[in-house]
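# Structure for this input, please:
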Amino acid sequence: MALIRQEDIEKIRSAARIEDVIAHYIPVERSGKSVKAVCPFHDDHDPSMMISPDKQLFKCFVCGTSGNVFGFVEQYKKIPFPSAVREVAKMIGYDLPDDEEQAPKYKEDPRSERLHDLLNTVIEYSEYQLSIPEHAAIKQYVLGRGITEAQIRDYHIGYLPDRNLNRFLTNKGFTDEEIVDSGMAIMRETGLADLFVSRLTIPIFNEYGKPVGFTARTMIHDDRKYINTADTFLYDKSKILYNLHRAKDSIRKLGYAVLVEGPMDEMAIERAGFNNAVASLGTSCTREQLALIKKYTKTVLICYDGDRPGQAANFKTGQLALSLGLKVRIANNTTELDPDEIEKKYGAVKNREMIEKAIGFIDFSEKYLRSGYNLDSYDGKQKYASRMMTIIQSSPDVYEREYFTKRLSESTGLSIKLLEGFSGKEKPAETKETPKVYQNTVRERLDLLPQYEVLNQMMKSPQAIPVFNERLGYLKDDSCNQLQLYITEYYRKHNEMDLADLLTMIPEEPLRKILLELEGWEMLSSEYSKTILVDSMERIKRLSAQQKMEILKEKAKYVSKEEQLKILQNYSALADSNRKRGSENDKGEKN
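The predicted model follows:
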């Protein structure tokens, strides 16, 4: 979809009345300034969703679903944020440029259109070459790989036999410069030289179905088995997902995308019955590629190779996906093979099974990380547990956090209290269509209360920003720290806080959820107070020192007497510092 300017988003949100937009989808009850509705996000019978026209926010006090006007449309219609913005814009009559899928911006760029035409000409030429009797052996090779006739047609698989492509394109009216710019040839002293010779070709399309390059397999002896189009005016590998143009409708419908490494793997997954697969064209999946997935779904199922490098890619990509607010599952690949190889050895049913039996990211991480540490030593246990708690604490599900923390405690012998001292990242909130009980993830983390109060004070007044920067400067919890950065950035352009407006600037769903849950929490101050802000920051420092002391105390159980003496000295220094800080704080309160 076309990139929507932040200025337009702010204008649309300001012009839209949240109660009117929600009333477009569900009945609402108005009584004076109060507006409420039966919540559509769980099995509600009495109106439990409150709508605030003043704050331009909604919140269900049973299931906890909340947000601004865009958040309601996004969750109600299960569409990406940009689509929700466009929906609201249409409703209020705000004129936005047409969606790129109807009016792609590259239609306005003659150079892009010319290169797309050139690549389409190459596709037609290569398809013809694969179809003629002279190249029947090549066609048979393709079919022998398990690729069907329908896939040859649908994926536009072709063959470039010799070094005559550039002459063919020249005869079709394309210039040398255009042929080079397309990535199909390079210019040498002797003239144009084709890059794809005696190679099976698989075109790469952008998400709108326009060709941008090729991946090609050699059909003769060549050390370079596969080569891809280098970065060109049209093609940037880091921003393209193979097959997204064909898979995006199925991704929307099924609610998740299957992510694999290459085109052959993607085709194998399709033959297993899944039309929602895309390929990152390598295991170094980028933030931009995952952002493309997020436009169509909130869930990605990662399916790289089953060997150790492939599992490492699963883990790395999973962490990156979580940071972008995607829910992550990992294919249950118990082999050392990729999907294409699995089909050859075990049949398509094996690929289907590993997708259907995919596991959650915490389960996968537990198995993957365990083999990388010496769990017979304290240091190994501590490092393993620290990494696992980063992942466990990211879950929005309190029962899941409790279950995996207990399991980690049992497997490492470390106490639950010590494990809970490790900080973790917030995981994207899961969509819960029929929650039974509202689990407020903020109010369950009372250990973070001082950090939440700092955020609350920053929300209440811009005066908190210089005080925070001078006395603390960061928050230990990653999610809280990201939020303070967003709040600080907001005040650079605005003199006062508008929560509904701030939410439009925060793409990460779990961060938006934290802000909404902090709003109106009775345990937080209702107005700005420098005294409360400073006190909260001091409490953060004391808690941090206490956690370090707990870690030292636990570590002392597993080391030599000489090491214990060093630990005792560090422990005493921390304890003295903490007592001094507490004493100074008490004096401040009395004064």
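# what's the pLDDT at Ala193?
Turning to Ala193, the model gives it a pLDDT of 91.
# what do you get for the one 10 residues further on?
According to the per-residue confidence, Pro203 scores 97 in pLDDT.
# do the same with Lys381
88.
# Surely it is in contact with Leu375?
Yes: at 5.5 Å, Lys381 and Leu375 qualify as touching, with contact defined as C-beta atoms under 8 Å. To be clear about C-beta, it is placed using only N, CA and C from the backbone, and glycine gets the same treatment.
# Give the residues shared as contacts by the two.
Thr412 (C-beta atoms under 8 Å, 6 or more residues apart in numbering).
# Show me which of those two is the more surrounded one.
Neighbour count, other C-beta atoms under 10 Å: between Lys381 and Leu375, Lys381 has more, with 20 against 15.
# which element is the more buried one on?
helix 378-392 (DSSP states H and E).
# Also Met50?
Here Met50 is assigned to strand 49-52, by DSSP H and E.
# So what are the sheet partners of that strand and their directions?
strand 34-37 (antiparallel), strand 57-60 (antiparallel) (DSSP bridges).
# Put the alpha carbons of that strand into PDB.
Presented in PDB, the C-alpha positions along strand 49-52 are these (Å, rounded to 0.1, in the frame of the first residue of the first chain):
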ATOM      1  CA  MET A  49     -16.600  -1.600  26.000                       C
ATOM      2  CA  MET A  50     -16.300   2.100  26.900                       C
ATOM      3  CA  ILE A  51     -15.700   4.800  24.300                       C
ATOM      4  CA  SER A  52     -14.200   8.100  25.300                       C
END
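# Excluding covalently adjacent residues, which one is nearest to Glu508?
Once flanking residues are discounted, Glu508 sits nearest to Gly325: 4.7 Å by C-beta to C-beta, 6 or more residues apart in numbering.
# who's in contact with the closest residue to Lys381 other than its chain neighbours?
Spatially, and ignoring its direct neighbours in sequence, Lys381 is nearest to Thr412 (4.6 Å; C-beta to C-beta, 6+ apart). Residues in contact with Thr412, defined by C-beta under 8 Å, 6+ apart, are Leu375, Lys381, Tyr384, Ala385.
# Quick check: of those, which lies closest to Ile123?
Of all those, Tyr384 has the smallest distance to Ile123: 49.9 Å, by C-beta to C-beta.
# Please tell me how far that closest one sits from Leu414.
Taken as C-beta to C-beta, to the nearest Å, the spacing of Tyr384 relative to Leu414 amounts to 10 Å.
# residue boundaries of the helices in the stretch 151-300 of the chain?
For the stretch 151-300 of the chain, applying DSSP state H, counting those that start in this stretch gives helices covering 165-171, 176-181, 244-254, 263-271, 287-294.
# In the shortest one, which residues are buried?
Neighbour-count burial for helix 176-181, counted by 16 or more other C-beta atoms under 10 Å, picks out Glu178, Ile179, Val180, Asp181.
# That helix: how far from the chain's middle?
36 Å (C-alpha atoms, centre = their mean, to the nearest Å).
# Report the buried residues of stretch 354-364.
Met354, Ile355, Ala358, Phe361, Ile362, Phe364.
# typo on my end, stretch 402-420
Buried, per 16+ other C-beta under 10 Å, within stretch 402-420: Phe404, Thr405, Leu408, Ser409, Thr412, Leu414, Leu418, Leu419, Glu420.
# helix/strand/coil for the second one?
To tie it back to what came earlier, the one meant is Thr405. helix (DSSP: H, G, I helix; E, B strand; the rest coil).
# wait, it sits on Ser395?
No: counting by C-beta under 8 Å, Thr405 does not reach Ser395; the two are 9.9 Å apart.
# Just the terminal-to-terminal distance for stretch 235-250.
Length of stretch 235-250, first residue to last, C-alpha to C-alpha, to the nearest Å: 24 Å.
# follow-up on the earlier one: can you put the helices of the stretch 151-300 of the chain in CSV and add distance to Met49 and mean pLDDT?
CSV is the format used below for the helices of the stretch 151-300 of the chain (distance: least, C-beta to C-beta, whole Å; pLDDT from 0 to 100):
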stretch, distance to Met49, mean pLDDT
helix 165-171, 60, 93
helix 176-181, 54, 95
helix 244-254, 26, 92
helix 263-271, 40, 96
helix 287-294, 26, 90
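# Need those helices in CSV (columns: distance to Ile12).
Shown next, in CSV, are the helices of the stretch 151-300 of the chain (distance: least, C-beta to C-beta, whole Å):
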stretch, distance to Ile12
helix 165-171, 46
helix 176-181, 38
helix 244-254, 23
helix 263-271, 37
helix 287-294, 21
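# quick one: which of those helices is nearest Leu511?
helix 287-294 (14.6 Å).
# Output the contacting helices and strands for that closest one.
helix 308-323 (3 or more C-beta pairs under 8 Å, 6 or more residues apart in numbering; DSSP states H and E).
# okay, the following helix or strand past the helix it packs on in CSV with CA atoms only?
Remark: after helix 308-323, the chain's next helix or strand is strand 327-330, criterion DSSP H and E. This file holds the C-alpha atoms of strand 327-330, laid out as CSV (Å, rounded to 0.1, in the frame of the first residue of the first chain):
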residue,chain,number,x,y,z
LYS,A,327,3.7,-13.5,16.3
VAL,A,328,6.2,-16.2,15.5
ARG,A,329,5.9,-20.0,15.0
ILE,A,330,8.6,-22.3,13.8
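# just the helices in the stretch 451-591 of the chain please.
Here the stretch 451-591 of the chain has its helices, by DSSP H, counting those that start in this stretch, at 464-471, 478-493, 499-503, 509-518, 530-555, 561-590.
# Could you list the low-confidence segments of the protein?
Along the chain, segments meeting pLDDT under 70 span 1-2, 98-108, 222, 396-397, 422-446, 520, 545, 548-591.
# Could you chop it up by domain?
6-92, 105-235, 244-365, 372-419, 435-591 (automatic domain parsing).
# winner for burial among those domains?
domain 244-365 (a mean of 20; mean count of other C-beta atoms under 10 Å).
# Kindly check the end-to-end length of it for me.
Taking C-alpha to C-alpha, domain 244-365 runs 27 Å from one end to the other.
# Then stretch 458-478?
First residue to last in stretch 458-478 (C-alpha to C-alpha) measures 17 Å.
# Now tell me what touches that stretch from outside.
423-426, 448, 451, 454-455, 457, 481, 484, 487-488, 491, 495-497, 499, 515, 518, 525, 527-528, 530, 533-534, 537, 540-541, 544.
# Off-centre distance for it?
27 Å.
# got it, and stretch 201-208?
23 Å.
# And for stretch 123-140?
Relative to its parent chain, stretch 123-140 has a centroid offset of 40 Å by C-alpha atoms, centre = their mean.
# Make residue 1 into 33 and carry on from there
New numbering, starting at 33: the last item is stretch 155-172.
# Now flag whichever of the contacts of Thr444 is closest to Leu151.
Tyr416 (48.7 Å).
# Leaving out sequence neighbours, find the closest residue to that closest one.
For Tyr416, ignoring the flanking residues on the chain, the nearest one in space by C-beta to C-beta, 6+ apart is Tyr405 at 4.1 Å.
# The one you found looks like it's in a strand, true?
No: assigned with three-state DSSP, Tyr405 falls outside any strand and is coil.
# Quick check, it in contact with Gln414.
No: counting by C-beta under 8 Å, Tyr405 sits too far from Gln414 to count as a contact (9.1 Å).
# Does Leu276 touch Glu239 like I think?
Yes: in this structure Leu276 lies within contact range of Glu239 using C-beta under 8 Å: 4.6 Å.
# list residues touching both of these two?
What both Leu276 and Glu239 touch, as defined by C-beta under 8 Å, 6+ apart, is the set Leu324.
# circling back: what are the neighbouring residues in contact with the residue nearest to Glu540?
Taking C-beta under 8 Å, 6+ apart as the test, what Gly357 contacts is Lys326, Lys330, Pro460, Pro539, Glu540, Glu541, Pro542.
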